[in-house]
Structures are given as structure tokens and as C-alpha cells.
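Enquirer: sequence plus the predicted model coming up.
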Amino acid sequence: MNYPSGKITWNTYDVDCASITLCKTTKTVKSNFNKLKKLQWLYYDEDYQFYRLSSLDKIREHYNWVSRKAVPFTAKDISHIRATLGAIIYTQPYKTYCRKHFKSSSNVLKSRSASESIAFSCDTKKYAEVSVLSIHSFFGITINKAVRLKQAAYKFGLIEVQKQYLKLQKNQVYAAKKGNKYRDESQNIVFLNGDYYIQLIDKIYTDLYFKRRKKIETL
């Protein structure tokens with residue numbers, strides 16, 4: 001059971017309730033609870049025999065987080081935390097890309113010419129190229145995890161994803177495949193509707209927003 005003051009009781013009953021609420025096994029719930037203790041986001045109060053949640057300000061201070069911006073998180077997000085996390089980490093570079101490339105007042109996204117690429121486009125929204133490699137580099141997570149988080153966010157409708165492909169001539173296919181192999185890169189050559197394409201960086205769109213959190217003063 002948890003209380004508004006941040007106190008948490010943690011016994012077999014509480015573990016079972018958390019397991020049912022989150023639709024996770026009790027083993028997973030216990031494992032994640034222990035991870036929070038290891039991160040010092042939770043600590044045990046010996047005097048009152050409760051676990052307590054560390055305040056967000058203490059966590060910010062511990063990690064030297066400068067920005068006070070955060071994404072509103074409600075009870076409805078609990079059932080898909082991983083998807084929400086995916087949407088958040090892709091929204092940050094998305095907004096950075098938009099600030100850099102969409103300075104004009106136009107809401108129409110300039111795309112590649114039809115002869116160069118095929119893409120599922122939408123003229124009323126600004127889509128930004130955000131690669132899993134950039135997520136891997138910026139957040140220090142594996143590429144596979146970056147892909148899974150994006151897929152989870154897309155599955156729950158928290159971000160939109162556009163696939164992009166560059167059409168290859170028949171005499172370019174062999175050289176493109178050999179080039180990837182020579183650079184020790186994964187093959188991104190796909191076969192669609194009788195033609196070969198290079199799969200380009202996905203474009204994403206998200207309307208997730210960051211809200212500046214006010215500092216809470218102690219009375």
C-alpha cells in the first residue's frame with residue numbers, strides 16, 4: 001500500500017496487488033522494486049518501518065539534471081510504462097530536430113522527390129528523422145532496446161512512424177549490399193513490389209509535451 005506522503009508498505013499482499021495491477025509476475029515486480037532500491041529511488045525508513053519514495057528534487061540533484069521539464073504521467077499510463085518511456089525518449093530528439101529544421105511558419109514538411117524515395121507522408125504534421133543509433137548514443141541503451149521502445153510507443157499510439165525507402169537501380173543493389181558488409185553494418189536492403197530499396201531512417205511524429213515542474217518549497 002502507498003500513501004500520499006510517499007510511504008510504502010511492502011509485504012506479500014502488496015506484491016500480489018502490484019502484480020495484478022501491472023499485469024506482471026510477482027518475480028518481475030520484486031525484481032523491479034529491488035532495482036528502484038539500488039537506484040536509491042526508494043529507501044527503507046527504519047524508524048517508521050516503511051519504504052519511502054525519494055523526492056524528484058533529490059533524484060534530480062543526484063543525477064545533476066539541469067532541466068525541470070517533465071512529462072505528465074497519470075494512472076492510465078501504468079499499464080504501459082515501457083511504451084510511455086519509449087515515447088518520452090523519442091520525443092526529446094524529435095523536438096530538437098523540429099527546432100532546428102522547422103524554423104519557418106510553414107506546416108508542410110518538405111519531403112524527398114517521388115523519383116528518389118517512397119514514404120507514407122502526411123502534409124499536416126511535421127515528421128522528424130530520429131534514428132535508433134541516435135537514441136543508442138544519447139541515452140546509452142542498446143540498439144535492440146531502442147527499437148523495442150519505439151515499437152511499444154507506436155503500438156500504443158503514442159508516436160507515429162513513417163517508413164522511408166530509397167529506390168535502387170538493379171546495378172546498384174550488389175554494390176549497396178557489399179558496402180554495408182564492408183562497413184560491418186547491418187543490411188538495410190529490402191525488396192518491395194518487385195524492386196529493391198534502401199531502408200532509410202524512420203520519421204516520427206509525436207504530440208507529447210514536456211511541462212516545466214515548479215520547485216516545491218518546504219514549509
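Expert: Alright, I've got the coordinates. Everything numeric in this text was worked out from a predicted model, so none of it was measured.

Enquirer: would you mark the buried spots in stretch 40-51?
Expert: Within stretch 40-51, the residues that qualify as buried by neighbour count (16 or more other CB atoms under 10 Å) are Leu42, Phe50, Tyr51. C-betas here are computed from N, CA, C, even on glycine.

Enquirer: the first one and Phe50 touch, don't they?
Expert: No. Taking contact to mean CB atoms under 8 Å, the distance of 10.4 Å between Leu42 and Phe50 leaves them out of contact.

Enquirer: what sits in contact with each of the two?
Expert: Common contacts of Leu42 and Phe50 (CB atoms under 8 Å, 6 or more residues apart in numbering): Ile8.

Enquirer: burial measure for Leu149, as a count.
Expert: Using other CB atoms under 10 Å, Leu149 has 23 other residues around it.

Enquirer: state the helix or strand in which it lies.
Expert: Assessed by DSSP states H and E, Leu149 sits inside helix 143-155.

Enquirer: pLDDT value on Phe156, please?
Expert: Phe156 carries a pLDDT score of 93 in this model.

Enquirer: likewise Val108?
Expert: Looking at Val108, its pLDDT stands at 42.

Enquirer: now do the one 4 residues further on
Expert: Listed pLDDT for Arg112 reads 41.

Enquirer: with the one 10 residues further on instead?
Expert: The predicted structure scores Cys122 at 42 on the pLDDT scale.

Enquirer: pLDDT value on the residue most central in space within the chain, please?
Expert: With distances taken as CA atoms, centre = their mean, the chain has Gly86 as the residue nearest its mean C-alpha position (2.1 Å). If you check Gly86, the pLDDT there is 94.

Enquirer: for it, give me phi and psi.
Expert: phi -60, psi -40 (degrees, to the nearest 10).

Enquirer: was I right about it contacting Leu158?
Expert: Yes. Between Gly86 and Leu158 there is a contact under CB under 8 Å: 7.3 Å.

Enquirer: ranges for the helices of this structure?
Expert: Secondary structure of the chain, counting by DSSP state H: helices at 12-22, 26-38, 56-63, 81-101, 132-139, 143-155, 170-182.

Enquirer: ok, which of the ones you listed comes nearest Lys69?
Expert: Nearest to Lys69 among these is helix 81-101 (9.4 Å), distances taken as CB to CB.

Enquirer: quick one: low-confidence ranges for this protein?
Expert: Residues of the chain meeting the criterion pLDDT under 70: 1-6, 103-124, 179-187, 215-219.

Enquirer: make TSV out of the helices of the chain and add distance to Thr74.
Expert: What follows is those, written out as TSV (distance: least, CB to CB, whole Å):
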stretch	distance to Thr74
helix 12-22	14
helix 26-38	19
helix 56-63	16
helix 81-101	10
helix 132-139	23
helix 143-155	16
helix 170-182	43
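
Enquirer: figure out which of these is closest to Gly194.
Expert: Of all the helices of the chain, helix 170-182 comes closest under CB to CB, at 11.0 Å.
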